[in-house]
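Asks: could you look at this predicted model? Sequence included:
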Amino acid sequence: MDIQTIIGILNPILDLFEQLGIQYRIGGSVASSYYGPPRATQDVDLIASISASQVPALMAGLDPQSYYVVEQTVLDAIAHHSSFNILDLATMNKIDVFIDKPTHQARQEQQRAKFLQIVPGSRSLWISSAEDMILEKIVWWQMGGGISTRQWNDILGIIQHHTPPLDTSYIATSAQSLGILSLVQQAYIDAGKIFP
C-alpha cells in the first residue's frame with residue numbers, strides 16, 4: 001500500500017477523530033518509513049485515546065459503506081487497553097487502532113508527537129516522533145522474541161537516516177525506564193553509530 005492510498009484511507013477517520021476530540025498519533029511502519037527508508041506496508045497503526053463514551057459517536061461517524069468495524073471489539077479494546085481493527089472496504093486494507101495506555105511513557109509519546117505533512121501538499125497529521133519509533137519498535141521486537149529482521153531493520157534505518165540528530169538523552173532515559181537500554185545500544189552498534 002503506497003502512502004497516497006494510506007492518506008486517502010485515513011482522511012475521513014482522522015477528520016472524525018478530530019471532530020470528536022480524540023487524540024491520536026500514527027506509528028508502525030508508516031512512521032518508520034517516514035523517518036527511515038520507505039517500505040511497503042499492508043496496514044496502518046494508529047494509537048488513540050478513545051473513551052467508551054465516544055464510541056456511539058465514533059460508530060455513527062464511520063460510514064458502514066466505507067468501513068467495517070465491530071462496536072463490541074472497540075469497547076473491549078478500550079476496556080483492556082488493547083487494539084481493534086477498522087477495515088477499509090474499498091481497498092480491503094486494515095487500520096489497527098491501539099488504545100493508548102495510561103502510562104507516563106505513553107503520555108510522553110503523545111506530547112512529543114509531530115504534527116506534519118508526511119506527503120507534501122497533503123493534510124497535516126500527528127505522527128510519533130523518530131525517537132519514540134525507535135523505542136516502540138525495540139519493545140515490539142523484544143516482545144516478538146527478537147527474531148523480526150524487518151522490525152530490526154526499521155530501527156536501524158531510522159538511526160542511520162534521520163536528520164536532524166536524534167535526541168539521545170531522551171532515548172537513553174526512556175530506554176532505561178523501559179528496560180531496553182542494552183538493546184538501544186546494540187541497535188546503534190548495528191547501525192554503525194555511536195550511542196552517547
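Replies: Everything's here; your move.
Asks: now for the strand or helix carrying Met133, which elements pack on it?
Replies: Assessed by DSSP states H and E, Met133 sits inside helix 130-143. On a contact count with 3 or more Cβ pairs under 8 Å, 6 or more residues apart in numbering; DSSP states H and E, helix 130-143 meets helix 28-35, helix 104-112, helix 149-161, helix 168-178, helix 181-190. Where C-beta positions appear, they are placed from N, C-alpha and C, glycine not excepted.
Asks: which among the ones you listed is found nearest to Ser124?
Replies: helix 28-35 (12.7 Å; Cβ to Cβ).
Asks: the helix or strand that comes right after the closest one pairs with which strands?
Replies: Sequence order places strand 43-49 as the next helix or strand after helix 28-35, per DSSP H and E. Strand 43-49 sits in its sheet next to strand 23-26 (antiparallel), strand 93-99 (parallel), going by DSSP bridges.
Asks: most tightly packed of the ones you listed?
Replies: strand 23-26 (a mean of 21; mean count of other Cβ atoms under 10 Å).
Asks: return the mean pLDDT over that one, rounded to an integer.
Replies: For strand 23-26, mean pLDDT rounds to 96.
Asks: so how far is that strand from its chain's centroid?
Replies: 8 Å (Cα atoms, centre = their mean, to the nearest Å).
Asks: now do stretch 16-28
Replies: 11 Å.
Asks: which residues sit against it?
Replies: Residues external to stretch 16-28 that are found in contact with it (Cβ atoms under 8 Å, 6 or more residues apart in numbering): 10, 14, 41, 43-50, 54, 57-58, 61-62, 96, 98, 100, 109-110, 113, 118, 125-128, 132-133, 136.
Asks: same thing with stretch 45-62?
Replies: Contact partners of stretch 45-62, identified using Cβ under 8 Å, 6+ apart, comprise 10, 13, 16-17, 19-31, 69, 71, 74-75, 78-79, 86, 95-100, 106, 109-110, 128.
Asks: from those, which would you call buried?
Replies: Buried by 16 or more other Cβ atoms under 10 Å: 10, 13, 16-17, 22, 24-31, 69, 74, 78, 86, 95, 97-100, 106, 109-110, 128, out of these.
Asks: for Ser49, list each beta-bridge partner.
Replies: Where Ser49 sits in a bridge, its partners, by DSSP bridges, are Gln23.
Asks: check it and give its pLDDT.
Replies: 97.
Asks: now for it, how many residues are close by?
Replies: 19 (other Cβ atoms under 10 Å).
Asks: the one 4 residues further on too?
Replies: Number of residues near Ser53 (other Cβ under 10 Å) recorded here: 8.
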